[in-house]
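Enquirer: let me see the structure of the following:
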Amino acid sequence: MFKTVLFPIDMSSEAQQAAPKVAELVKAHQSRLVLLSVVEPREEASQPSAQSSPEAVAKLLGQAKALFAAQTIETEVIEREGQPAFVICDVADELNADLIVMGCRGVGLIEDVQDESVTTRVINLSPCPVLIIP
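Expert: I've put the predicted structure just below:
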């Protein structure tokens with residue numbers, strides 16, 4: 001059912017907590033797993049973070065790939081620069097992904113919150129279904 005699963009990752013605990021569910025899903029459906037991490041341009045980042053460091057993002061992708069390899073799951077990794085929500089949706093479209101799986105704090109999903117979260121933007125812009133793992 002899900003031939004290609006896109007798992008956007010960052011350095012958040014939410015992304016780390018979603019990884020076991022992603023592994024379970026990929027194994028159950030024998031899916032192609034693509035890991036994506038987005039380097040935020042320093043001038044556009046809402047606050048300076050390690051996510052704006054290409055070196056830190058490359059290290060993160062390597063660690064994630066090793067985590068899935070330990071579970072005998074082959075992964076492809078993609079590193080891009082830009083605004084995360086737009087890049088995630090663009091990559092999903094390029095890959096013709098069947099599903100995007102994301103971890104989420106849930107904050108941006110509440111209507112009263114002024115700033116739209118990356119998760120909310122992806123839900124609204126995605127070319128495919130989005131599974132949110134709280």
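Enquirer: now the spatially closest residue to residue 54 that is not a sequence neighbour: how far from residue 116?
Expert: Spatial nearest neighbour of residue 54, chain neighbours left out: residue 39 (5.2 Å); criterion: CB to CB, 6 or more residues apart in numbering. Glycine gets a C-beta too; all of them are placed from N, C-alpha and C. With distances taken as CB to CB, to the nearest Å, residue 39 is found 21 Å from residue 116.
Enquirer: neighbour-wise, which of the two wins?
Expert: residue 39 (20 against 12; other CB atoms under 10 Å).
Enquirer: follow-up on the earlier one: which strand residues bridge the residue nearest to residue 54?
Expert: Beta-bridge partners for residue 39, by DSSP bridges, are residue 81.
Enquirer: against residue 72, how distant is it?
Expert: Distance, residue 39 to residue 72, by CB to CB: 29 Å.
Enquirer: likewise residue 81?
Expert: Note on residue 81: its distance to residue 72, by CB to CB, is 31 Å.
Enquirer: so those two - more neighbours on which side?
Expert: residue 81 (13 against 8).
Enquirer: residues of the helix or strand of the chain with the lowest mean pLDDT that come out buried?
Expert: None of the helices or strands of the chain scores lower by mean pLDDT, DSSP states H and E than helix 54-69, at a mean of 90. Residues of helix 54-69 classed as buried by neighbour count (16 or more other CB atoms under 10 Å): 57, 60, 61, 64, 65, 67, 68.
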